[in-house]
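Asker: What follows is a protein structure lacking sequence information:
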């Protein structure tokens, strides 16, 4: 199914992996990218439960856009364990303008395919995805 804004489709594996992250908690994060033909969103990497947000940051290229979801676990002030699923639109300043436009125009449609996203984050560099940002946005 193509996205009417950009013509980009979403590969079924994207939804499948996301459901595994959301319901089975098999992954800490998933990185998605546009395939080489810029026709559809595909899974690039799924990080295991033992990986951290640092591993996620290291999985994002410095010069190309990506989408990612991150399962952020935290403990509230009342000592309750909680989890929030973040959607991250990664768009470094150094990526190509056409690529940024494709990712931007496909983002909302792709995000709608992933039911259960609780927080959206837009980032252009690692400082915009620090643990402090996740903590601040989770509450």
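Answerer: Perfect, thanks for sending it. On a predicted model such as this, the values are computed, not experimentally measured, just so you know.

Asker: and the gap between the residue nearest to residue 75 when sequence neighbours are not counted and residue 96?
Answerer: Ranked by C-beta to C-beta, 6 or more residues apart in numbering and with sequence neighbours excluded, the top spatial neighbour of residue 75 is residue 81, at 5.6 Å. Using the backbone N, CA and C atoms, a C-beta is placed for each residue, glycine as well. Taking C-beta to C-beta, to the nearest Å as the measure, residue 81 falls 41 Å from residue 96.

Asker: Of the two, which one has the most company?
Answerer: The residue with more neighbours, out of residue 81 and residue 96, is residue 96; 11 against 8, by other C-beta atoms under 10 Å.

Asker: Dihedrals phi and psi, the more buried one?
Answerer: phi -70, psi 140 (degrees, to the nearest 10).

Asker: Equivalent analysis for residue 74, please.
Answerer: Residue 74 adopts backbone torsions of phi -150, psi 170, taken as degrees, to the nearest 10.

Asker: hang on, it packs against residue 138?
Answerer: Yes - judged on C-beta atoms under 8 Å, residue 74 makes contact with residue 138 at a distance of 5.6 Å.

Asker: Overlap in contacts, those two.
Answerer: 82, 84 (C-beta atoms under 8 Å, 6 or more residues apart in numbering).

Asker: That concludes my questions; thank you for your assistance.
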